[in-house]
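> take this sequence and fold it.
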Amino acid sequence: MKVTLALAAILVAYVAADSHDWQEVSRGFGARFALDFEENSMEVLVQGQPSGLLATSWYTKDFNPAGAMFFLMRGASPTIVYRANWCLEQDQFTLPSEVASAQTRRWKFTFYSGSLHVMCNGEEVLHLVFEEVCTGEDWREYWTTIPSYAQFDAMDQVSDKYRQADKPAGATDSEDETEDETNQYRVIYTLLDDEDAPSTSPQYITIKGTNGQTEEYECNSENFRQPGAEVTCMIDSSVKIGNYRCLMLRTGGSDGLDFVRLDIYMNNELVQTVRASTAGRKYLTLDDRKTLEFCVGDCDDDAAKCSDGQQCLEYILWCNGEYDCQDWSDEKNCSCLEDDDLNGEYYKGNVSGSECVNWESRRSGPNLIENYCRNPDGSDSPWCYTSTGKANCEIPECSEVREDEEDNGDQEDEDDGEDHQEGGNGSDKTANCVRSNGEDYRGTVSRTSSGLQCQRWDSMSPNVHGTTPTRNPESGLEENYCRNPDGSEGPWCWNGEGTSPQWEFCDIPECDEVDCSNEENRYHHECTGDDSGDDTEIDCAAEENWDHY
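Numbering: from 1, shown residues only. All right, here's what the predicted structure looks like:
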């Protein structure tokens, strides 16, 4: 399978490298060495798990440039970002887990007319077919002649040694022309087992490969109309998109789709699983307004991962007032800095000084949105441009903000306790109960069935969520009381004591005959039973009903 590459370098000089012995790496001008790629490959040894660039360039026998590449390594991270000068600006690939964890990596570069193979510890990790992937206008001038010399760029940081090596046995140019590019993808949706989950609209799936190309397919199945069904979509790809990297989903109509899991297979090999539980959700929602993208490894340059580590979201959609991440993390910490990012290098919020001007007038970058404070140059804190130059932004730390919220919440709880001395927060004096699935329940139970304290509905700590009073104004999301805003089996709440589990149902008895004349029941807003013994619904909090039993 074909994949894209990327690099950069400038080379000169010449040193002999006509043996298979390891040589110490010399860099920059004057360190060029002879290596006939017609007959041999080049191996580069990287020891440990360093972070930095592997940068090398190649030259023809007439000392003209014949390609140059950068590989950006990040310790034990399996994701390698690369660039191929005059061919591709930037792309990435993923190392096999055993290669990524190795303390020594042996890179092997093999040229053929029209292609370059890159191996690491005996595994092919990149196959660049120039005709198919190069987008630079002048790429033919640099990538069509097999090199005779090589050089490590002065920017190289991780290369320890190099040597001439034998070409892989059996590998020829003809492989590039005859290799079967057809890949079969199998995408399995597991729908939410709920009557509102299915969809009658067509579903569209886009596969993105490691060389950046995409291919979209329409998946029609009657099973999309069945609650709880597993729906399988089979896709035969004819586009040379390279190894699997991302899956993008959209629905073709206004009828949404709720699912709890996605499994993606390429040629019968599981390459990715997306779970609602990983996003802290009971289910994921696909509607007619948004495309959901789930990537293995890093996102494209114009996007960042949501907190669940599954979904990629474009920078422009972060902190825009809408919940675009399925775990709702895109609207979290928009006005503060996390403890692990106090210099704001990864800040995507919407804080802006009164004198900040739009970035586009001074600087460009995927995360440089409007005039919001950012830190694109590794400064000590986020900043912005003003009419007179750079100005630092004052953004509080999120830990301090959370402490203030907790202090305010404790005070509100104290006030609430004074106002509800008889009702309490789920105390023994409360005779709360539910009818049906409890969507109309407005009691004050605030602990889960296992005894966990509930999280306030208007708080994003410790669990980030989108079930807020603002988004659900009719659901009675007060304080941290158990509620059922989404039509679940019964009232539930987010875990206020941690993130595992993220939520639980609450143990509230079903409504039966309740003696409304009992003062202990007067804070229970839903009960049944009166002096005639029928099932009339009675509001026990209403004084006129206190004589009912």
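
> contacts, neighbours, all on C-alpha from now
Noted.

> low-confidence regions, this structure specifically.
1-19, 29, 169-182, 211, 238-240, 404-432, 512-549 (pLDDT under 70).

> mind running it again at 50?
1-18, 174-180, 416-431, 522-536, 548-549 (pLDDT under 50).

> would you map the helices across it?
Listed in chain order, the helices found in the chain under DSSP state H are 97-100, 130-133, 139-143, 174-178, 398-419.

> how close does the residue nearest to N367 when sequence neighbours are not counted get to D302?
Nearest non-adjacent residue to N367, counting by C-alpha to C-alpha, 6 or more residues apart in numbering: Y315, 5.6 Å away. Y315 sits 6 Å away from D302, taking C-alpha to C-alpha, to the nearest Å as the criterion.

> neighbour count for the two, which is higher?
Neighbour totals were compared for Y315 and D302, and Y315 leads with 20 against 13 (other C-alpha atoms under 10 Å).

> what separation do you get for the more buried one and L286?
Y315 is 20 Å from L286, by C-alpha to C-alpha.

> sorry, back to before: anything in contact with each of Y315 and D302?
P366, N367 (C-alpha atoms under 8 Å, 6 or more residues apart in numbering).

> not counting sequence-adjacent ones, nearest residue to E216?
Here the residue nearest E216, using C-alpha to C-alpha, 6+ apart, is T206, at 4.0 Å.

> please read the previous query as pertaining to V231.
Closest to V231 by C-alpha to C-alpha, 6+ apart is Y189, at 5.0 Å.

> bridging residues for that neighbour?
V231, L262 (DSSP bridges).

> which ones are touching Q103?
With C-alpha under 8 Å, 6+ apart, Q103 has these contacts: Q47, G48, Q49.

> residues near the residue nearest to E216, how many?
Neighbour number of T206 under other C-alpha under 10 Å is 16.

> ok, it touching G212?
No: in this structure T206 lies outside contact range of G212 using C-alpha atoms under 8 Å: 12.0 Å.

> contacts only, for the residue nearest to N367.
D302, A303, A304, K348, P366, N367, I369.

> cool, Q502 as well?
G280, N463, W494, N495.

> of the residues you listed, closest to N437?
W494 (17.5 Å; C-alpha to C-alpha).

> what lies in contact with stretch 183-195?
197-198, 224, 226-238, 257-268, 283.

> buried ones in that stretch?
N183, Y185, R186, V187, I188, Y189, T190, L191, L192, D193 (16 or more other C-alpha atoms under 10 Å).

> also stretch 243-260?
Under 16+ other C-alpha under 10 Å, the buried positions of stretch 243-260 are 243-252, 255-260.

> now do stretch 349-367
G349, N350, V351, S352, G353, C356, V357, N358, W359, N367.

> so how far is I316 from the closest residue to the fourth one other than its chain neighbours?
I take that to be S352. With C-alpha to C-alpha, 6+ apart as the measure, Y372 is the residue that lies nearest to S352, at 4.6 Å, once sequence neighbours are left out. Going from Y372 to I316 by C-alpha to C-alpha gives 11 Å.
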